[in-house]
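Q: Model the structure of this input:
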Amino acid sequence: MDCCKFLLVISLHSFLISHAFSQSVIQIFPGRIEFAGDRKIRAGDELYCDSWRFSVETNDAGEWDSVPSRCVEFVQKYMTGEHYLSDSEIVSGYSLKHAKSANVSAGDGKDAWVFDIDETLLSNLPYYAAHGFGSEIFNEDAFDEWVDLAKAPALPASLNFYKELKQLGFKIFLLTGRNEFQRNTTEKNLLFAGYSDWKKLFLRGPSDQGKPATVYKSEKRLELVNEGYRIHGSSGDQWSDLLGFAKAERSFKLPNPMYYIA
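A: Have a look, this model is predicted:
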């Protein structure tokens, strides 16, 4: 390469590098700025609420008791649109991939999967649509009246996954924070929604009252482990469904920006 061409290449290369690094990787667009603690955040509702939902789902937000007023419309749109269904399908897809990779050929009937119920197998969206999509403080009496109707529909992605697990030979256990007096209506609702042939349904009995969900559900999983079951997977919409001890080989968090259970 002659001298002039070499200098031209070097100059062009330097220009491209300097031009690339002169551009910010994160583009900041004009808009109002608000502060969260000592952190600046964009003030647009849709962007803010999508980031809030991300923080809720990843458990970065910690404990919270209601959807922020500015995000109610966002949560409504998310829960009643394609986004929620798509997110649920993606989680179920990864869950099924893991289930298919598990060795269930031993034939001893001890390969297990644990499901939460509310917002995992059954959708209480009709109830929350009438109660502000999580913007209202939870009313246990009103929710119990809804449960008594036994009309909660299945979450479609979860129902399909549930059926796949049965075909793969898993024993299915249902572990809910509902109380023992709701057993009949819960079983009725599950059957109405298309679920069947679960091995056991755990509900809170008298000795479970007052326990944090993480402790209660861990204790029930430990009972399964002590009985020789191998918990390959666990599905729930709350981190308290999945964390603690006697955890599954892999746990799968389903989306739920409407409420939080510690």
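Q: Tell me which helix or strand residue 231 sits in.
A: Using DSSP states H and E, residue 231 maps to strand 230-236.
Q: what's the answer for residue 174, then?
A: Under the criterion of DSSP H and E, residue 174 resides in strand 171-179.
Q: Pretty sure residue 50 sits against residue 74.
A: Yes. If you go by Cβ atoms under 8 Å, residue 50 and residue 74 touch, sitting 7.2 Å apart. Every residue, glycine included, has its C-beta placed from N, CA and C.
Q: For the stretch 1-150 of the chain, give me the ranges with low pLDDT.
A: Filtered on pLDDT under 70, the stretch 1-150 of the chain yields the residue ranges 1-43, 105-106.
Q: In it, mark out all the strands, start to finish.
A: 33-36, 39-42, 111-115 (DSSP state E, counting those that start in this stretch).
Q: And the stretch 151-262 of the chain, by the same measure?
A: 171-179, 200-204, 230-236, 250-253.
Q: Return the angle between stretch directions for the longest one and strand 111-115.
A: Meaning strand 171-179. Orientation note: strand 171-179 sits at an angle of 30 degrees relative to strand 111-115 (axes from the mean of the first three to the mean of the last three Cα atoms, to 10 degrees).
Q: Name the residues that touch strand 171-179?
A: Residues outside strand 171-179 that contact it (Cβ atoms under 8 Å, 6 or more residues apart in numbering): 109-118, 121, 147, 162, 165-166, 186, 190, 197-204, 213, 216-217, 220-221, 224, 229, 241, 261.
Q: Outline the domain layout of this protein.
A: Listed by the TED database, the domain ranges of the chain are 37-57+68-80, 84-253.
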